[in-house]
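Asks: Whatever this is, show me its structure:
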Amino acid sequence: MPWNSVSDLPKDIQNTLPSGAQQLFLTSFDRAWNGTCKDKGKQQETCAFQQAWGAVRKLYKKEGNTWISAASIHTEPAPFYISSAKQYTITGPLVEIDKLNGNNWGIPAEEVETIISGLVNNPLKICSGKDAIYDQHSCDYNWDPGAAIGRIVSAHKENGWIHATAEVTDPTARSKINSRTWVPKWSIFGGYKFEDDRHMRYGTIPRSVTLVDNPAYPGAGFRQASFNMIEEKEHGNMTGNEDDPKTYTQEDHDKAVTEAVEADRAAMTKEQEDLVKQQEEQATKQQEADATKEKEHAAALEARDKQIKDLQAAAKTKDGDNTGDDNTVPLADVDKMISAATEGMVPREDVEKMVSAATEQATTNTMELLNKQALSEEIIKMQASFNMIEEKDIDTTKTALMEKSYAALQQDKDMLVKMSAALEAHGTAAVDKFKVANLPLGSNSTPIALSWDAVKQEWI
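Replies: Purely as a prediction, here's the structure:
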């Protein structure tokens, strides 16, 4: 338990319920067993049985010892209508079976017969007024009888859809449909008893079909079929008028209606098939375009990877560790280049330009880096000799110096050389005076601008 098929159900259920009700019982029991009743412990089976029987009782009624579909119970016969004017009929797909619509709910196969029987004689509507601007079913919620423009005369299942046929009785509505002023699309409206975890609705009660611009089922729509039918019925015959002088029996009338509806239905089916074919062709073209783009992108990545490998082969293996070739690229720079190329999926031409530029500048960048490293080390040694830095600050100072440009480092060195000359010519006092003025080293005093007097041979 739960059961795999209706043949596994207890015999008393198989002998009592019709096949449709058995399937509903099985589906409801399994869903409850694995869902809401899962954590009931010893009461799990009882809970699932209660929910399964509840689902059956919503859709089936017991007449004596027999369970029958509630949809098949009619308290009064459906009325027979005779057109008082030229009959105007529209037909087309309304509900796609077992598919979620744009509002994220659907109608399961078990509900099809209920929908079909429940649609007949319900009104065909179109909503108007300011409320319809925001919701084209507004007149359905308001139960506005003035919105009715006709009625549903039949419904059937075809190609995975529930199709409906409606007679348009309102003259203005006929004109609007005939001129295609109104979009030829429609939508079902009604109630339901419950919705399962797949968002399929059971215990459905159709109330109307409403003309809308954008139905929840994208393929829902209709085509028109006009008939020049007679207005009077005499002795079982329907006599003609100036538009159609022939005389029809009721049988002829029904046959003509059926043939016209079938013709329109076939045309609508072909229209749907053409739409599906068009969508499939567009999907195929898109897949081919995506494949081509992916191929080109892969080729660009392959070319980029080759260039990067070439750079890596020429790069330093560690920061500050030379391979013996003065034209190598620092590994840190190569890593930055690789990261920049791989973080974003850049266009092929941009990758090629980037790698090409990196290759051309590799030697220049490497030489500049080596010169900066040498100059920084020289500056650090000179600063240490003047007691301007302590040993613990050497690494931090080196990092800060490497962030400067080569020209700025050269200026720092030139200043230190002048300090060295002052030390040799005038002793420690001149150097201290220079340090206070130009290299305060964290002092709060304001530096004084000094210059070297070549005549006096001192800082002034």
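
Asks: so what's residue 420 up against?
Replies: residue 382 (CB atoms under 8 Å, 6 or more residues apart in numbering). Bear in mind the C-beta positions are built from the backbone N, C-alpha and C, glycine included.

Asks: Not counting its neighbours along the chain, what's nearest residue 25?
Replies: residue 52 (4.8 Å; CB to CB, 6 or more residues apart in numbering).

Asks: Name the SS class of residue 289, please.
Replies: Judged by DSSP: H, G, I helix; E, B strand; the rest coil, the three-state class of residue 289 is helix.

Asks: hang on, the earlier thing: wait, what's in contact with the residue nearest to residue 25?
Replies: 25-26, 28-29, 32.

Asks: lowest average confidence, helix or strand, in the chain?
Replies: One helix or strand of the chain scores below all others by mean pLDDT, DSSP states H and E: strand 232-234, with a mean of 33.

Asks: thinking again about what came up before, if we take the contacts of residue 52, which one ends up nearest to residue 183?
Replies: Of all these, the one sitting nearest residue 183 is residue 28; the distance, using CB to CB, is 38.5 Å.

Asks: Tell me how many other residues surround the closest one.
Replies: A count of nearby residues for residue 28, using other CB atoms under 10 Å, gives 22.

Asks: The chain should start at 26 in everything you say after this.
Replies: With the count now opening at 26, the last piece we talked about shows up as residue 53.

Asks: I figured it hits residue 74, correct?
Replies: No. Using CB atoms under 8 Å as the test, residue 53 is too far from residue 74 to be in contact (9.8 Å).

Asks: backbone phi and psi for residue 64, please?
Replies: Main-chain torsions, residue 64, degrees, to the nearest 10: phi -100, psi 20.

Asks: pLDDT score for it?
Replies: We note a pLDDT of 86 for residue 64 in this prediction.

Asks: Break down the stretch 126-275 of the chain into its helices, ranges please.
Replies: 137-144, 156-159, 163-166, 196-203, 275-339 (DSSP state H, counting those that start in this stretch).

Asks: rank the ones you listed by pLDDT, which is bottom?
Replies: Mean pLDDT, when computed for each of these, is lowest for helix 275-339, at a mean of 76.

Asks: Show me what it is packed against.
Replies: strand 112-121, strand 173-183, strand 248-252, helix 356-368, helix 373-410 (3 or more CB pairs under 8 Å, 6 or more residues apart in numbering; DSSP states H and E).

Asks: Would you single out the least confident of these?
Replies: helix 356-368 - the lowest mean pLDDT of those, at a mean of 56.

Asks: Buried ones in the host helix or strand of the residue nearest to residue 50, by neighbour count?
Replies: In this assignment (DSSP states H and E), residue 77 forms part of helix 69-84. Across helix 69-84, burial judged by 16 or more other CB atoms under 10 Å covers 69, 72-74, 76-77, 80-81, 83-84.

Asks: Could you check the angle it makes with helix 137-144?
Replies: Put simply, helix 69-84 runs at 30 degrees to helix 137-144, going by axes from the mean of the first three to the mean of the last three CA atoms, to 10 degrees.

Asks: Report the strands that pair with whichever helix or strand comes after helix 69-84, each with its relative direction.
Replies: Once the chain leaves helix 69-84, the next helix or strand it forms, by DSSP H and E, is strand 85-88. Sheet pairing for strand 85-88, assigned by DSSP bridges, gives strand 91-94 (antiparallel).

Asks: Just the C-alpha atoms of the partner strand, please, in CSV.
Replies: The C-alpha coordinates for strand 91-94 follow below in CSV (Å, rounded to 0.1, in the frame of the first residue of the first chain):
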residue,chain,number,x,y,z
THR,A,91,-24.9,2.2,-7.9
TRP,A,92,-22.5,5.1,-8.0
ILE,A,93,-22.9,7.4,-10.9
SER,A,94,-21.2,10.6,-12.1
